[in-house]
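J.: Let me see the structure of the following:
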Amino acid sequence: MKSATIQLETLACPSCMQKIEAAVKAVKGVNAPSVKVLFNSSKVKLDFDEQQVSIEDIENAITKVGYEVQKSKVK
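T.: Residues are numbered from 1 along each chain as shown. Below you'll find the predicted structure:
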């Protein structure tokens with residue numbers, strides 16, 4: 001299991017946060033209970049199984065719901 005922090009463009013509202021959280025949780029291989037969208041810092045923190053999904057797949061899920069990823073950090 002890997003941990004990731006994804007830096008987003010500024011989040012404008014709480015509903016944006018909910019859309020991103022739902023999109024990330026729906027990605028197969030993401031540990032859904034670990035997903036936290038931090039509104040004030042515009043970050044998403046999560047754990048994922050690198051055997052099932054890549055960080056690029058998770059970033060694509062965020063992009064598909066209309067939000068821009070600035071950078072990601074995986075541990």
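J.: What is the burial count for Ser41?
T.: For Ser41, the neighbour count with other Cβ atoms under 10 Å is 13. Yep, even glycine has a C-beta here, placed from its N, CA and C like the rest.
J.: how close does it get to Met17?
T.: 11 Å (Cβ to Cβ, to the nearest Å).
J.: hey, where'd the helices end up in the chain?
T.: Taking DSSP state H, the helices of the chain run over residues 14-25, 55-64.
J.: Between the two ends of stretch 5-12, how far is it?
T.: End-to-end distance for stretch 5-12, by Cα to Cα, to the nearest Å: 19 Å.
J.: Any buried residues in it, and which?
T.: For stretch 5-12, burial by neighbour count (16 or more other Cβ atoms under 10 Å) applies to 5-6, 8, 11.
J.: Quick one: mean pLDDT for it?
T.: Stretch 5-12 carries an average pLDDT of 90.
J.: Val69 and Asp57 touch, don't they?
T.: No: contact between Val69 and Asp57 fails when scored by Cβ atoms under 8 Å: they sit 11.9 Å apart.
J.: Among those two, which residue is more densely surrounded?
T.: Val69 (18 against 14).
J.: Just give the nearest non-adjacent residue to that one, would you?
T.: In space, and not counting its chain neighbours, Val69 is closest to Glu59: 4.6 Å by Cβ to Cβ, 6 or more residues apart in numbering.
J.: same check, this time on Val44
T.: Using Cβ to Cβ, 6+ apart and skipping residues adjacent in sequence, the residue nearest Val44 is Ile6, 4.4 Å away.
J.: Now the residue sitting furthest away from the middle of the chain. Nearest residue, chain neighbours left out?
T.: Taking Cα atoms, centre = their mean, the residue of the chain most remote from its mean C-alpha position is Gln51, at 17.2 Å. If the residues on either side of it in the chain are set aside, Gln51 comes closest to Gly29, at 7.5 Å by Cβ to Cβ, 6+ apart.
J.: Alright, calling it a day.
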